[in-house]
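# pasted the sequence and its predicted model underneath.
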Amino acid sequence: MKVNNVSMNLSAVSSAQYPDDGYPEIALAGRSNVGKSSLINTLINRNAFARTSSKPGKTQTLNFYNIEDQLYLVDVPGYGYAKVSKKQREEFGVMIEEYLTTRKPLKGVIILVDGRHEPSEDDISMYEFVRYYNIPVLIVATKMDKVKGNQWNKSESIIRKTLEIDDQTDFQIFSSETKYGKDEVWKWIEEHM
Ligand code: GTP
Ligand code: MG
């Protein structure tokens with residue numbers, strides 16, 4: 001998609017605050033600090049539209065980015081961030097679950113995993129959860145600029161095996177540094193919106 005106009009329309013912590021204009025939504029989920037906000041910035045050709053941080057836990061609300069009045073990209077708070085209180089973690093969980101399980105305009109979820117490591121228990125749970133609700137998934141292995149090209153196949157097979165990726169799930173290598181995989185991620189979004 002050619003993106004000229006993007007606005008962050010709103011931040012939500014519960015369903016009453018979700019947008020109501022009916023555009024399809026694609027959500028970005030993944031561990032805190034994995035690069036969700038960076039992926040959004042890459043997709044919309046901006047450096048710092050979605051706030052990023054080297055400190056985990058930057059994104060704390062569901063942030064709806066209006067793309068060309070055609071689509072919302074939804075930045076979901078990262079899971080597995082140990083430094084928030086148990087109560088706050090539970091509240092995050094409820095917020096994310098409510099969104100993923102009840103949201104009609106939600107057409108697909110991009111789950112980001114760190115391409116350098118084996119997916120965590122949290123990654124596995126998130127993937128199983130989204131598949132259980134039959135939501136189409138694209139697994140994106142990110143930070144792949146940090147992995148040597150001759151190790152990419154190995155990273156991919158570890159991720160596929162650990163998550164037990166099924167036939168209805170797509171997979172893409174990605175880097176927000178080099179923009180590798182950007183067109184393929186856009187293609188997946190356009191096929192699912
Ligand atoms: P939360 O909002 O805390 O859930 O994090 P997030 O998933 O939105 O991560 P964010 O995009 O803020 O990125 C976290 C850190 O990783 C930042 O320092 C980014 O610059 C860095 N980062 C993100 N993507 C990449 C990538 O593809 N390659 C490299 N080398 N660094 C990346
Ligand atoms: Mg973020």
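It's in. Ligands and ions are numbered 1, 2, ... in the order given.
# what about residue 148, how many residues nearby?
By other Cβ atoms under 10 Å, 9 other residues sit near residue 148. In short, each C-beta sits where N, CA and C put it, glycine included.
# up against ligand 2, what does the chain have?
Residues of the chain lying close to ligand 2 by Cβ under 5 Å from the ion are 36, 37, 58, 59.
# the first one is in contact with residue 78, isn't it?
In other words, residue 36. Yes - applying Cβ atoms under 8 Å, one finds residue 36 in contact with residue 78, separated by 6.7 Å.
# so where is the protein shaky, pLDDT-wise?
80-84 (pLDDT under 70).
# hmm, what's the outermost residue in it?
The C-alpha centroid of the chain is most remote from residue 150, which lies 25.7 Å away (Cα atoms, centre = their mean).
# which SS class is that one?
helix (DSSP: H, G, I helix; E, B strand; the rest coil).
# contacts only, for it.
The contact partners of residue 150, taken as Cβ atoms under 8 Å, 6 or more residues apart in numbering, number zero.
# and residue 142, by the same measure?
Residue 142 touches 30, 34, 35, 38, 39, 112, 113, 114, 115, 174, 175, 176, counting by Cβ under 8 Å, 6+ apart.
# just give me the residue right at the centre of the chain.
residue 28 (1.9 Å).
# hang on, isn't that residue packed against residue 42?
No - contact between residue 28 and residue 42 fails when scored by Cβ under 8 Å: they sit 11.2 Å apart.
# for this protein, which helix is longest?
For the chain, the helix with the greatest residue count under DSSP state H is helix 86-102.
# okay, now the closest residue to residue 62 other than its chain neighbours: neighbour count?
Of all residues not flanking residue 62 in the chain, residue 12 sits nearest, at 4.6 Å (Cβ to Cβ, 6 or more residues apart in numbering). Residues lying near residue 12 (other Cβ under 10 Å) number 17.
# residues contacting residue 12?
18, 61, 62, 64.
# now intersect those residues with the strands, please.
Judged by DSSP state E, the contacts of residue 12 include 62, 64 as members of strands.
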